[in-house]
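1. sequence below, structure please.
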Amino acid sequence: MKTTIDPVNTPPAPSKVLKISLWIAQVYLAAMFGMAGVIKTFLSIPEMVAKGITFAPDVPLWLTRFIGIAELSGAIGIILPALTRVAPRLTWMAAAGFAAIQILAIGFHAMRGESAHTLPLNLALLLPAVFVLWGRSVKAPIPRRQ
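-> As a prediction, this is how the structure comes out:
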C-alpha cells in the first residue's frame, strides 16, 4: 500500500532560526553544566567553596560527587547524541535531567535562604533546559541516523 503525505495536516518544518537557537542553548548548557560537573566531581571541598559551591561543606561529599557526575553526563548527553544522531532522544532526556537538577536546586537554595543570589543563575539554566526539552522532543527533534 502506497502512503501519501497529506499537505494540509503536515506540520511545517522547524525554522532554521529555531534549530540554531536550540544548538546554541545545547552548547551553553553543556558548557555551564560541564564546568560545574568538573568542579563538583574533581575538586576538594575547600576548592569548591572557593569556586562558589558554598553548600559543599554542608552536604555529604558523595552527594556532591553524584551531582557532579550527573552534570558531566548531561553535558555529554545534550551534545553527543544530537551531533552523531545516534540515540538523539537522549538529547531531550539530558535537558529534562538539567531541568530537574535546577528545580531541585531552587528548592534547596530557598531552604538555605540563598535564593537572592542563586535564583538568577538557576533560572538562567532552567529556562534553556526547558527550551531544549521542548524543542528537541516536540518542535525540532533530531532524526535518528539510518
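2. Gly107: which element?
-> The secondary structure element spanning Gly107 is helix 89-111 (assigned by DSSP states H and E).
3. let me see the contact set for Val86.
-> Counting by C-beta atoms under 8 Å, 6 or more residues apart in numbering, Val86 makes contact with Arg144, Arg145. For the C-beta atoms, the positions are set from N, CA and C on the backbone; glycine is no exception.
4. how near is it to Ala99?
-> If you measure Val86 against Ala99 using C-beta to C-beta, to the nearest Å, the figure is 23 Å.
5. and if you look at Ala124?
-> Noted for Ala124: a distance of 13 Å to Ala99, by C-beta to C-beta.
6. neighbour count: those two, which is higher?
-> When Ala124 and Ala99 are compared on other C-beta atoms under 10 Å, the one with more neighbours turns out to be Ala99, at 19 against 12.
7. where are the low-confidence patches of the chain?
-> Counting by pLDDT under 70, the chain contains low-confidence residues at 1-11.
8. the same query, at a cut-off of 80, please.
-> Confidence mapping of the chain against pLDDT under 80 gives the ranges 1-12.
9. do a quick rundown of the helices in it.
-> Listed in chain order, the helices of the chain (DSSP state H) span residues 16-42, 45-50, 61-77, 80-84, 89-111, 115-134.
10. report the angle between the longest one and helix 115-134.
-> Our comparison of helix 16-42 with helix 115-134, counting by axes from the mean of the first three to the mean of the last three C-alpha atoms, to 10 degrees, yields an angle of 130 degrees.
11. buried set for helix 16-42?
-> Buried residues in helix 16-42, counting neighbours by 16 or more other C-beta atoms under 10 Å, are found at 21-23, 25-26, 28-30, 32-34, 36-37, 39-41.
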